[in-house]
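Participant: Next input, structure requested:
(one chain, ligands or ions: 1)
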Amino acid sequence: MPDSSLSQIPPQELAERLDRGEALQVLDVRAPDKVERGHIAFGAELDFHAHPNSKLLAVPDVRELQLDNARPIAVICGHGNSSKKATAFLRERGYEAYSVIGGMAAWETVYVARQLSPTPSLSRVVQLDRVGKGALSYVLVSDGDAVVVDPGRHLERYDTLLAELRATPAAVVDTHVHADYISGARAAAARWQVPYFLHPDDAVSPYDQTPGRLTYQALSDGDTIAFGRATLRAAHVPGHTLGSTALLADDGLALTGDFLFVQSVGRPDLAGHSESWAKLLWHSLERVRQTWPGELLVLPAHYASESERRADRAIAARFDVISATNTAAAMQDERVFVKWIADHAMTFPDAYRTIKEANLGLVNVSDSDAEILESGPNLCAIG
Ligand SMILES: [Fe+2]
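Facilitator: Take a look at the predicted model:
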């Protein structure tokens, strides 16, 4: 339980309690426009409320806020300062309130690790869920060797997990150059002295073809990464980016990156080539429909809502289930697909271009810049 004398809750603990479905209320006290751009949307039984501090502290009768005084309230703001005031205000009125330490900025650095079923060659398959962003990375372990896929920039989380798993990193992979978060992959490869794998088509800027300033090992279609007793096989599935690559293990798992999600597909419109990349995406989908077995477990790099979770709260689904239930993946006609993509075109944050350039080594961003660039949930999926 949180320490009620301090009336604060660390964001990691909040995430774990929401994950378990505890009957917590979350109260966001930021300005409405900030809440609209992204707020806590995580948890099996999330009970979310938003009342800006200015309104909350001035309310004549706190019952107007319709908070339940029988259940704890986690109060969150931008950086964990104004939430303290709101927490004290609610406590004085008999509510069990806790201020979330570090606010939304800290919430976006929380990773919840989830162990999935092992495969014949992988003793551990861990999905790291960066819950504030809907971003998923993976640690795969075979015979004490680990491959880390699509890591975020908070490398200490991966160090801790690897130590817990008693695993030694052997390689780091990006399934594509990310637009919505600063990848930790290159820094991890340097720190752990292991190769960094990336498809060569993603090693150049998609905007102006400037070659990325990065050291990487090319991972092309059909290439393999061997570690422990396991082998990952690369399948080039362009569309979301030109170099998008899925990683298959034991013909049982497919880490699909932002190519294929549980309920959607990766947007092909992030670099200004919407129609031609939509066609590439269609052909990638056609290819996997013809070659991937139905029982293959798809493990994507993102999700957009809680509805994409399994009963055990992992984000994963069999390929045959996705083929039948995912609107984009179920389409049978290329023209219908390309039109559907065009009809669902959305804007995307200006920050995405800077993030991609940072991931290509073309610009440097500090940790505080990264926090601002990354803020908010991902917009990588269509729809
Ligand atoms: Fe992406």
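Participant: Residue of the chain nearest the ion, please.
Facilitator: Taking C-beta to the ion as the measure, the chain has Asp258 as its residue closest to the ion, at 3.5 Å. The C-beta positions use only the backbone N, C-alpha and C, and glycine is treated the same way.
Participant: okay but that residue is in contact with Ser244, surely?
Facilitator: Yes: between Asp258 and Ser244 there is a contact at 6.7 Å, judged by C-beta atoms under 8 Å.
Participant: okay, and the common contacts of those two?
Facilitator: Counting by C-beta atoms under 8 Å, 6 or more residues apart in numbering, the residues touching both Asp258 and Ser244 are Thr175, His176, Gly266.
Participant: so what's the closest residue to the last one other than its chain neighbours up against?
Facilitator: If I follow you right, that is Gly266. Computed as C-beta to C-beta, 6 or more residues apart in numbering, the closest residue to Gly266 that is not its neighbour in sequence is His240, at 2.9 Å. By C-beta under 8 Å, 6+ apart, the residues touching His240 are His176, Gly257, Asp258, Phe259, Val265, Gly266, Arg267, Pro268, Leu270, Trp277, Leu281, Cys380.
Participant: Kindly recompute the last result at 10 Å.
Facilitator: By C-beta atoms under 10 Å, 6 or more residues apart in numbering, the residues touching His240 are 175-176, 179, 256-261, 265-271, 277, 280-281, 284, 301, 380-382.
Participant: Backbone dihedrals for it, please?
Facilitator: Here is the backbone geometry of His240 (degrees, to the nearest 10): phi -70, psi -40.
Participant: Now do it, the pLDDT please.
Facilitator: Predicted confidence (pLDDT) for His240: 96.
Participant: Could you measure from it over to Tyr181?
Facilitator: Remark: distance between His240 and Tyr181 (C-beta to C-beta, to the nearest Å) = 14 Å.
Participant: Gln66 too?
Facilitator: For Gln66, the distance to Tyr181 - C-beta to C-beta - is 35 Å.
Participant: So between the two, which is more surrounded?
Facilitator: The residue with more neighbours, out of Gln66 and Tyr181, is Tyr181; 26 against 9, by other C-beta atoms under 10 Å.
Participant: for that one, what are its contacts?
Facilitator: Contacts of Tyr181 (C-beta under 10 Å, 6+ apart): 108, 130, 133, 135, 137, 150-153, 301-302, 352, 355, 358-359, 370, 373-374, 378, 380.
Participant: Same check on Ala41?
Facilitator: Ala41 neighbours (C-beta under 10 Å, 6+ apart): Val26, Phe48, Val131, Gly132, Gly134, Ala304, Ser305, Glu306, Pro377.
Participant: 8 Å - rerun?
Facilitator: Phe48, Ser305, Glu306, Pro377.
Participant: could those residues be laid out in CSV, adding pLDDT and distance to Leu214?
Facilitator: Shown next, in CSV, are the contacts of Ala41 (pLDDT from 0 to 100; distance: C-beta to C-beta, whole Å):
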residue, pLDDT, distance to Leu214
Phe48, 96, 39
Ser305, 90, 33
Glu306, 92, 35
Pro377, 79, 26
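Participant: Make a PyMOL selection of the buried ones in the residues you listed.
Facilitator: To isolate the buried ones among the contacts of Ala41 in PyMOL, judged by 16 or more other C-beta atoms under 10 Å, type:
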select buried, resi 377
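Participant: Just read off the phi/psi values of Ala342.
Facilitator: phi -60, psi -40.
Participant: ok, back up a step: just the ones of the contacts of Tyr181 in strands?
Facilitator: Arg130, Ala135, Ser137 (DSSP state E).
Participant: my read: the last one touches Arg153, true?
Facilitator: No: in terms of C-beta under 8 Å, Ser137 does not count as a neighbour of Arg153; the distance is 10.7 Å.
Participant: more crowded one of the two?
Facilitator: Ser137 (26 against 20).
Participant: which residues pair with that one across the strands?
Facilitator: Under DSSP bridges, the beta-bridge partners of Ser137 are Leu128.
Participant: That one: what's it in contact with?
Facilitator: Counted by C-beta under 8 Å, 6+ apart, Ser137 has contacts Tyr111, Gln127, Leu128, Arg130, Val148, Val149, Asp150, Pro151, Gly152, Ala301.
Participant: repeat that for 7 Å
Facilitator: Leu128, Val149, Asp150, Pro151, Gly152 (C-beta atoms under 7 Å, 6 or more residues apart in numbering).
Participant: Quick one: these as TSV, columns for pLDDT, neighbour count and distance to Arg229 too.
Facilitator: As requested, those are arranged in TSV below (pLDDT from 0 to 100; neighbours: other C-beta atoms under 10 Å; distance: C-beta to C-beta, whole Å):
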residue	pLDDT	neighbour count	distance to Arg229
Leu128	98	23	23
Val149	98	24	18
Asp150	98	27	23
Pro151	98	27	23
Gly152	98	25	28
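Participant: Serialize those residues to JSON lines and add fields for distance to the ion.
Facilitator: Formatted as JSON lines, the contacts of Ser137 follow (distance: C-beta to the ion, whole Å):
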{"residue": "Leu128", "distance to the ion": "16"}
{"residue": "Val149", "distance to the ion": "13"}
{"residue": "Asp150", "distance to the ion": "9"}
{"residue": "Pro151", "distance to the ion": "14"}
{"residue": "Gly152", "distance to the ion": "13"}
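Participant: Which single one of the residues you listed is nearest to Pro195?
Facilitator: Val149 (13.1 Å; C-beta to C-beta).
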